[in-house]
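Visitor: Provided below for reference: sequence and predicted model.
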Amino acid sequence: MKYAARSIRRYALGAMLIALLAFAPAIAYAQGRTAKPSPSGPPPAPATHAKAAALIDVQSGRLLVSQNGDEEMRIASLTKIMTAIVAVEHGDLQSIVTVSKRAAGKEGSSIYLRAGEKMKLLDMLYGLMLRSGNDAATAVAEHVGGSVEGFVFLMNQKAEQLGLEHTHFANPSGLDQEGHYSSANDMARLTSYALHNPVFREIVRTKVRTAPNPYEPWDYKWVNKNKMLLQYEGADGVKTGYTKKALRCLVSSATRGGQQLVAVTLNDGDDWQDHRKLLDYGFAAYPLQLVMAKGESFAGYPYVAVADFKYPFAAGEREKLTAHFVPVASTSVAYAFGYRGKLEFRLGEQPIGSVGLVAQAPPEDKKK
């Protein structure tokens, strides 16, 4: 693909400039001689009380803030973000979980499950995420993974698939244990991934959830521990955490103007306030912008984008955006499914994403 892209670069240059004029009027050469200089780069990120912090844009996956972001640390119940997404992806949400003695006796935060109790997996995931039940984490792990150890294997397998290089799990609850750690950057990337799943997204944004209680005449009622849902405009998740060794940990998400951000702090004595500052900063300094719209054509070619491409730009960055057309080989499977190439976007020399191009549908014949 790269060789093919280079081979067409000379004769496609003029057409590419026309295309960039069409889909990115803010790019420097689209502005031409009338372009006005703009401030370059974002303002400094706010200081936090955290030992490590991160901020990420969910749609693009761009890491906006990283303060000691790769330091491997204890993460307490932020672990349950991985527990929940693995359970959602591997489990039958309507299946019935039977609570074992091991699960019912798990120390720490609890939703007070009893040995032998039966509960739908989906309901148990609400107890896991809203009330941070360690008993629920163990029951979910045994049900989905066959054993706690089997489930932990799935957790680490998922971490490897997502490229979380500073993460390793030893249990599904987040209780302090050797070999159980992650980093602020990895937790941001994991949460960004998980929030693309509609089931996970709905669970973590829920403020109150009820579930059948087989032992009492009233239902379980779980109120979300995440105060950001009440304290911050647009907040929509995701998880609190605390142990004596990890101290206060928090992952929060919020959506404003169609842009969703995730903030992470580890070992932070003033996390609610720090998360408000981080999220405010992200929305102000890195607004999500449309670069190319779904169905938009490219440079006079009979190709259109298969999806929107959006990216969070700091001040002055969009002028550095370039696009590079990469054709699809006519013998490839992608070509057989209608793909004709893709546009690769770069910010300076850094690739930031791409959008597929398909053949443009011919216009319908006008009725005579």
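Guide: Right, received. Where do you want to start? Numbers count the residues shown, from 1 in each chain.
Visitor: Glu319 in helix, strand or coil?
Guide: helix (DSSP: H, G, I helix; E, B strand; the rest coil).
Visitor: number the chain from 366, please
Guide: Right, with 366 as the first residue, what we last looked at is Glu684.
Visitor: so what's the residue count around it?
Guide: Glu684: 18 surrounding residues under other C-beta atoms under 10 Å. For the C-beta atoms, the positions are set from N, CA and C on the backbone; glycine is no exception.
Visitor: return the helix or strand in the protein with minimum mean pLDDT.
Guide: Least confident helix or strand of the chain, by mean pLDDT, DSSP states H and E, is helix 393-396 with a mean of 29.
Visitor: ok, now how distant is Pro652 from Asn550?
Guide: Distance from Pro652 to Asn550, counting by C-beta to C-beta, to the nearest Å: 22 Å.
Visitor: no, scratch that, I was asking about Asn433
Guide: Applying C-beta to C-beta to Asn433 and Asn550 gives a distance of 9 Å.
Visitor: which of Pro652 and Asn550 has more neighbours?
Guide: The neighbour comparison of Pro652 against Asn550 (other C-beta under 10 Å) goes to Asn550, with 26 against 15.
Visitor: helices along the stretch 616-733 of the chain, start to end?
Guide: 636-650, 698-701 (DSSP state H, counting those that start in this stretch).
Visitor: okay but Asp457 is in contact with Leu486, surely?
Guide: Yes. Counting by C-beta atoms under 8 Å, Asp457 sits close enough to Leu486 to count as a contact (6.7 Å).
Visitor: okay, these two: which has more neighbours?
Guide: Ranked by neighbour count (other C-beta under 10 Å), Asp457 and Leu486 place Leu486 first, with 20 against 12.
Visitor: local confidence estimate at that one?
Guide: We have a pLDDT of 98 for Leu486.
Visitor: and the gap between it and Ser497?
Guide: Leu486 is 17 Å from Ser497, where distance means C-beta to C-beta.
Visitor: Pro692 too?
Guide: Separation of Pro692 from Ser497 (C-beta to C-beta) stands at 50 Å.
Visitor: okay, those two: which has more neighbours?
Guide: When Pro692 and Ser497 are compared for neighbours, Ser497 comes out ahead with 28 against 20, by other C-beta under 10 Å.
Visitor: ok, the more buried one - contacts?
Guide: Going by C-beta atoms under 8 Å, 6 or more residues apart in numbering, Ser497 touches Ser442, Lys445, Ser474, Lys590, Lys604, Thr605, Gly606.
Visitor: what helix or strand is the residue nearest the centre of the chain on?
Guide: Against the mean C-alpha coordinate of the chain, by C-alpha atoms, centre = their mean, the closest residue is Ser557 at 1.0 Å. Per DSSP states H and E: Ser557 is located in helix 549-559.
Visitor: roughly how far apart are Arg621 and Pro579?
Guide: 41 Å.
Visitor: between these two, who's got more neighbours?
Guide: Arg621 (17 against 10).
Visitor: so the more buried one makes contact with Gly647?
Guide: No. With contact defined as C-beta under 8 Å, Arg621 does not reach Gly647; the gap is 9.5 Å.
Visitor: stretch 560-575: how far from the chain's middle?
Guide: Remark: stretch 560-575 is offset 14 Å from the chain centroid, using C-alpha atoms, centre = their mean, to the nearest Å.
Visitor: buried residues in that stretch?
Guide: Leu560, Val564, Phe565, Arg566, Ile568, Val569, Arg570, Thr571, Arg574 (16 or more other C-beta atoms under 10 Å).
Visitor: before we move on, the earlier item: after the least confident helix or strand of the chain comes which helix or strand?
Guide: Using DSSP H and E, the next helix or strand after helix 393-396 towards the C-terminus is strand 415-422.
Visitor: C-alpha coordinates for whichever strand or helix holds Ala452, CSV please?
Guide: Assessed by DSSP H and E, Ala452 sits inside helix 444-455. C-alpha atoms of helix 444-455 as CSV (Å, rounded to 0.1, in the frame of the first residue of the first chain):
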residue,chain,number,x,y,z
THR,A,444,-10.1,-2.9,37.8
LYS,A,445,-13.8,-3.5,37.5
ILE,A,446,-13.9,-1.5,34.2
MET,A,447,-12.0,-4.4,32.7
THR,A,448,-14.1,-7.0,34.6
ALA,A,449,-17.3,-5.4,33.2
ILE,A,450,-16.2,-5.2,29.5
VAL,A,451,-14.8,-8.7,29.5
ALA,A,452,-18.0,-10.0,31.0
VAL,A,453,-20.1,-8.1,28.5
GLU,A,454,-18.1,-9.4,25.6
HIS,A,455,-17.7,-13.0,26.7
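Visitor: give the next helix or strand downstream of it.
Guide: From helix 444-455 onward toward the C-terminus, using DSSP H and E, the following helix or strand is strand 461-463.
Visitor: can you list the low-confidence ranges for the stretch 366-515 of the chain?
Guide: 366-405 (pLDDT under 70).
Visitor: how about a cut-off of 50?
Guide: Low-confidence segments of the stretch 366-515 of the chain (pLDDT under 50): 366-403.
Visitor: closest one of the contacts of Ser497 to Ala524?
Guide: Using C-beta to C-beta, the shortest approach to Ala524 within the contacts of Ser497 belongs to Lys445, at 14.1 Å.
Visitor: quick one, what contacts the closest one?
Guide: Taking C-beta under 8 Å, 6+ apart as the definition, contacts of Lys445 comprise Leu493, Met494, Ser497, Ala502, Pro537, Ser538, Gly539, Lys604, Gly606.
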